[in-house]
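In: Would you be able to build a 3D model of this:
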Amino acid sequence: MPAPLAIPATDKTPQVLFDTQAGLLRMEGCSIHENAEAFFQPLMRNVEAYVRNPAPHTAVHIGLTYFNSSSSKYLLDLLKLFDDLNAARPGTVEVVWHYEPDDLDMEEAGEDYRALLDLPVRLEPGTIG
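Out: Okay, the predicted model is just below:
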């Protein structure tokens, strides 16, 4: 199992906390990277290693206030890794998309990801708690 991963938030990047032992990934903040690949590649490698030997249950909580198009692509790639894990071990992955109640753009983004994936994506108004 890969080591836990913690990436602090900046003005342009979200905070990421991935507790691989507990099977908990939290991403929150703003994702408007100038180089999304440099930000997401370490996370992608960590998740790729994790899905080979996951915890019994995996919870993914995403609460972004805004993200750009390059972040959107990496988010989908990231969620597809969890989608594949859930296909191999049905019912073991839960994705919760958090959004502010009055933020229709982020609510719609969660709906879009839910439509693109086979695993359940629960839309939840409010911040990650």
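In: where do the helices sit along the protein?
Out: Taking DSSP state H, the helices of the chain run over residues 36-52, 69-88, 104-116.
In: Include distance to A22 and mean neighbour count when you put those into CSV, please.
Out: From N, CA and C alone the C-beta is placed, and that goes for glycine too. What follows is the helices of the chain, written out as CSV (distance: least, C-beta to C-beta, whole Å; neighbours: other C-beta atoms under 10 Å):
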stretch, distance to A22, mean neighbour count
helix 36-52, 11, 16
helix 69-88, 15, 16
helix 104-116, 23, 15
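In: Show me which positions of stretch 86-96 end up buried.
Out: Applying a neighbour-count criterion of 16 or more other C-beta atoms under 10 Å, the buried positions in stretch 86-96 are 86, 92-96.
In: Quick one: distance of that stretch to the chain centre.
Out: When C-alpha coordinates are averaged (C-alpha atoms, centre = their mean, to the nearest Å), stretch 86-96 and its chain have centres 13 Å apart.
In: biggest strand in this structure, by residue count?
Out: Scanning the chain for the strand with the most residues, using DSSP state E, yields strand 58-67.
In: Quick one: closest of the helices of the chain to G126.
Out: Closest approach to G126 among the helices of the chain is made by helix 104-116 (11.5 Å; C-beta to C-beta).
In: can you give me the mean pLDDT across that closest one?
Out: When the per-residue pLDDT values of helix 104-116 are averaged, the result is 96.
In: For that helix, name the packing helices and strands.
Out: In this structure, helix 104-116 packs against strand 58-67, helix 69-88, strand 93-99, strand 121-125, with contacts taken as 3 or more C-beta pairs under 8 Å, 6 or more residues apart in numbering; DSSP states H and E.
In: returning to what we had before: which among the buried residues of stretch 86-96 gets closest to E37?
Out: Distance to E37 across the buried residues of stretch 86-96 (C-beta to C-beta) is lowest for V95, with 22.5 Å.
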